[in-house]
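Chemist: Compute the structure for the input listed below.
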Amino acid sequence: MRRRLLSFVAVALPLVAVLAEAGSYLPPRFTDPERVPKLRRAFPEIDRIFREFADRAHVPGIAYGILIDGDLVHTGAAGTRDVALATAAPVGVDTVFRIASMTKSFTALSILKLRDEGKLSLDDPAERYVPELAGLVYPTADSPRITVRHLLSHAEGFPEDNPWGDRQLAATDEQMTEMLRRGIPFSNPPGLAYEYSNYGFAILGRIVSRVSGVRYRDYVTVNILKPLGLSATTLDPGAVPPARIAYGYRWEDGTWKKEPSLPDGAFGAMGGMLTSIRDLGRYVAFLMSAWPPRDDADAGPVRRASLREMQQVWRPAPASVTRNPSTSAIQLTTGGYAFGLRVSQTCAFRHVVAHSGGLPGFGSQMRWLPEHGVGIIALGNLTYTSWNAAIDAAVDALANTGGLQPRVAQPSPALSDARDAVSRLIAGWDDRLADTIAADNFFLDQSKDRRRRELEELRGRVGLCRPDGAFDVENALRGQWTMSCERGTLRVAITLAPTMPPRVQFMGVRQIASPAERVASGACVQ
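Modeler: Model prediction:
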């Protein structure tokens, strides 16, 4: 054993030449070859969860789907799209439901596409495109003018308006213009706080029209829906074949009562879209395709980088603490609003993207885990169908299979080479090797003599060491690993510097109780 350990120390590599390749970025990847079969085992349980939810909540009809790696791999449907026809009008994957506020992501995509084409800036004042806003009376003398970015992230300072906004879909352009001219009250100065505003997204729809020169409905159809092949998705309820449309209901006095159909109007950009599970699966797969960043061809219709931009928090919202009804565990959720989407982080998942939609007669939700490549979508034709608990339970079912694991970050060639070099340095100090790997701060932060002495003292306690086990990579330029020694185990962590080639700017070495000991890697520790 001693000869093998010493030979590890003696290996010499042209480290500087190898580190010159340091700019390489390798996308994170899934490492479990059984991941998808494991996840599929949850589908029967998910079917049960959604069907029991529909019965319990008195939802006339539901449709739902599971996405894995860009494919709609499982769908389900139950109930009726038309209570009057009952079993003669079953819900299917091509039944078309209103998706209400999930429309906001289509509006955000349209704005970002126009931005990418150089036709507007997110930091432009909104009044540049909607002159009626120039007459707004701001709440304070130092209030900033409302920008496109404020509108996209619900930070324009308008009051939350869900009950009111839901009833504005039929408003004409002329009626909206008159509303704008009368002014809008502020609940906060712009840019100060998150407050959900349907009105703000209706204004974004007008910006799309003014910048593009066509109606919002036509812009979205030509630039988003058709390129993605969303043939069942529309802002026009009258365009849906009667045999495919789901009618909306509310449950009242022990019976279903039909809600009046809401037409598309000037507020359609905030909640007028209709779609099917098949189309919604294709749409969510497109949004999920932004992850991970990579070198593949970027087919559009909106750049992958812009899709990632719209899936990051731009306006924080208050954190919440809830109790998981299945496990009784306390759950902390934090996050905020992105661009037309909600983003959150929990103790279980670092990055959750979602949006729900609710109108008289309908409730829907789309939710996905970018790092895990998994999404869930659901549609219902009951007023404000609340899918949260059912989708939480479906995520738990997927997690219980053991297949709901995130992609694993991959080390850059520079990080892998630095790991090997640092392991050799720990096994036996060499001044030349130390000089080769050190960033310019390394021996200023702690002298070479002190670093050498500390490693020699540590090696005196634990004996000869060699690296073993997994390389726990946080990102392309930072990672940790263990070294098994004759009388113990070491945990080593390094971070490379922002130089070319990247050299070691930080190195931490400590003795641990066992190889199983790890630095907490979850989003939070319970």
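Chemist: can we go C-alpha only for contacts and neighbour counts from here?
Modeler: Will do.
Chemist: what's the pLDDT at Arg167?
Modeler: According to the prediction, Arg167 has pLDDT 89.
Chemist: From Gln505, how far out is it?
Modeler: To Gln505, Arg167 is 58 Å away according to C-alpha to C-alpha, to the nearest Å.
Chemist: Run through the stretch 301-450 of the chain and note the low-pLDDT ranges.
Modeler: 326 (pLDDT under 70).
Chemist: Kindly apply the preceding question to the chain instead.
Modeler: 1-23, 326, 515-526.
Chemist: Chain neighbours aside, what residue packs nearest to the residue nearest the centre of it?
Modeler: The structure's the chain has its C-alpha centroid closest to Val353; by C-alpha atoms, centre = their mean the separation is 3.5 Å. Computed as C-alpha to C-alpha, 6 or more residues apart in numbering, the closest residue to Val353 that is not its neighbour in sequence is Val343, at 4.6 Å.
Chemist: Quick check: longest strand in the chain by residues?
Modeler: strand 465-475 (DSSP state E).
Chemist: mind saving the C-alpha coords of that strand as PDB?
Modeler: Taking C-alpha atoms only, strand 465-475 is exported to PDB below (Å, rounded to 0.1, in the frame of the first residue of the first chain):
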ATOM      1  CA  CYS A 465      -3.500   9.800   2.100                       C
ATOM      2  CA  ARG A 466      -5.000   9.300  -1.300                       C
ATOM      3  CA  PRO A 467      -8.300  10.700  -2.800                       C
ATOM      4  CA  ASP A 468     -11.300   8.400  -3.000                       C
ATOM      5  CA  GLY A 469     -15.000   8.600  -3.500                       C
ATOM      6  CA  ALA A 470     -17.000  11.200  -5.400                       C
ATOM      7  CA  PHE A 471     -15.900  14.600  -6.400                       C
ATOM      8  CA  ASP A 472     -18.600  16.800  -5.000                       C
ATOM      9  CA  VAL A 473     -18.800  19.700  -7.500                       C
ATOM     10  CA  GLU A 474     -20.600  22.800  -6.600                       C
ATOM     11  CA  ASN A 475     -19.900  24.500 -10.000                       C
END
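Chemist: what's in contact with that strand?
Modeler: 5, 8, 408-411, 423, 426-427, 459, 479-486 (C-alpha atoms under 8 Å, 6 or more residues apart in numbering).
Chemist: Show me what that strand pairs with in its sheet, parallel or antiparallel.
Modeler: Strand pairing for strand 465-475, determined by DSSP bridges: strand 478-485 (antiparallel).
Chemist: Doesn't the residue nearest to Val353 belong to a strand?
Modeler: Yes: counting by DSSP: H, G, I helix; E, B strand; the rest coil, Val343 is found in a strand.
Chemist: How many residues are close by it?
Modeler: 27 (other C-alpha atoms under 10 Å).
Chemist: dump the residue contacts of it.
Modeler: Here Val343 is in contact with Gln311, Gln312, Val313, Gly335, Gly336, Tyr337, His351, Val352, Val353, Ala354 (C-alpha under 8 Å, 6+ apart).
Chemist: Go through those residues and say which is closest to Leu151.
Modeler: Checking those against Leu151 with C-alpha to C-alpha, the nearest one is Tyr337 at 11.0 Å.
Chemist: so who does the closest one touch?
Modeler: Ser153, His154, Tyr194, Gln312, Val313, Trp314, Arg315, Pro316, Ala317, Val343.
Chemist: change it to 6 Å
Modeler: Ser153, Val313, Arg315, Val343 (C-alpha atoms under 6 Å, 6 or more residues apart in numbering).
Chemist: Check the residues you listed against Arg452 and report the nearest one.
Modeler: Nearest to Arg452, judged by C-alpha to C-alpha, of these is Val313 at 44.1 Å.
Chemist: First-to-last residue distance for stretch 163-180?
Modeler: Stretch 163-180: ends 19 Å apart by C-alpha to C-alpha.
Chemist: Name the residues that touch it?
Modeler: Glu132, Asn198, Pro263, Asp264, Gly265, Ala266, Phe267, Gly268.
Chemist: how about these, which pair is most distant?
Modeler: Glu132 and Pro263 (24.5 Å).
Chemist: Please convert the contacts of Tyr337 to a markdown table, extending it with secondary structure and distance to Ala57.
Modeler: Below are the contacts of Tyr337 laid out as a markdown table (DSSP: H, G, I helix; E, B strand; the rest coil; distance: C-alpha to C-alpha, whole Å):
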| residue | secondary structure | distance to Ala57 |
| --- | --- | --- |
| Ser153 | coil | 32 |
| Val313 | coil | 32 |
| Arg315 | strand | 33 |
| Val343 | strand | 26 |
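Chemist: between the residues you listed, which is nearest Leu85?
Modeler: When the contacts of Tyr337 are compared against Leu85 (criterion: C-alpha to C-alpha), the nearest one is Val343, at 39.2 Å.
Chemist: Tell me how far that closest one lies from Pro316.
Modeler: Val343 is 9 Å from Pro316, by C-alpha to C-alpha.
Chemist: what sits in contact with each of those two?
Modeler: Gly335, Gly336.
Chemist: and the gap between Ile437 and Gly402?
Modeler: 39 Å.
Chemist: Apologies, that question was intended for Pro139.
Modeler: 52 Å.
Chemist: likewise Arg217?
Modeler: 43 Å.
Chemist: Look at those two and report which has more neighbours.
Modeler: Arg217 (22 against 13).
Chemist: all strands for the stretch 151-300 of the chain, in order.
Modeler: Ranges of strands within the stretch 151-300 of the chain are 249-252, 255-258, 274-275, based on DSSP state E, counting those that start in this stretch.
Chemist: ranking those strands by burial, who's on top?
Modeler: Among those, ranked by average contacts under mean count of other C-alpha atoms under 10 Å, first place goes to strand 274-275 (a mean of 24).
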